[in-house]
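Novice: Return a 3D structure for these sequence lines:
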Amino acid sequence: MPAAKDMMTKDVVMVDGMASVLDAAKLMKEKGVRALVVDRRGPEDAYGMVTQRDIVYKVISPGADPAAVKVHEIMSKPLVVINPDLDLRYVARLMANMKLSRAPVIAEGKLQGVVSVTDVINAIAG
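Specialist: Model (predicted):
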């Protein structure tokens, strides 16, 4: 069975927490991704994540101005993280139990990549 490090997306798109939601949405569109990892403010801080769903549900739907709202105001943090050596079955179980679509892969306090449900499906389908 592959491990998280074998199936994760390594080219992670990141955004600063002080960026506007509008800038984050533009970055998502430009890079063709549905979520961005929010960078840490320092080595002791945790990573965050902002998704398309966060933008639609927390900013657009209530009528807020995406140019005025900052990413840190709507991001998820702290995150459930995955060890790079975790086996596919355990990655899938963790994601199912926590109802996650994606999770960062962290080793020694550093972001290694992101595993999504699509990555899990692709890993089993070969």
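Novice: got the contact list for stretch 27-36?
Specialist: 13-15, 19, 24, 49-52, 71, 101-102, 114 (Cβ atoms under 8 Å, 6 or more residues apart in numbering). Heads up, the C-betas are built off the backbone N, CA and C, glycines and all.
Novice: run the last query once more with 6 Å
Specialist: Under the contact criterion Cβ atoms under 6 Å, 6 or more residues apart in numbering, stretch 27-36 has outside partners 13, 15, 24, 49, 50, 51, 52, 102.
Novice: Of the residues you listed, which is the most crowded?
Specialist: residue 24 (29 neighbours; other Cβ atoms under 10 Å).
Novice: quick one: average pLDDT of the host helix or strand of that one?
Specialist: Secondary structure from DSSP states H and E places residue 24 in helix 21-31. What helix 21-31 shows for mean pLDDT is 98.
Novice: Next SSE downstream of that helix?
Specialist: Assignment by DSSP H and E places the next element after helix 21-31 at strand 35-38.
Novice: So what are the sheet partners of that next one and their directions?
Specialist: Looking at strand 35-38 with DSSP bridges, its partner strands are strand 14-15 (parallel), strand 48-51 (antiparallel).
Novice: Tell me where the protein has helices.
Specialist: 4-7, 21-31, 52-55, 71-74, 88-98, 117-125 (DSSP state H).
Novice: Need the residues that contact the first one.
Specialist: Helix 4-7 is contacted from outside by 82, 84, 86, 91, 105, 115, 119, 123, using Cβ under 6 Å, 6+ apart.
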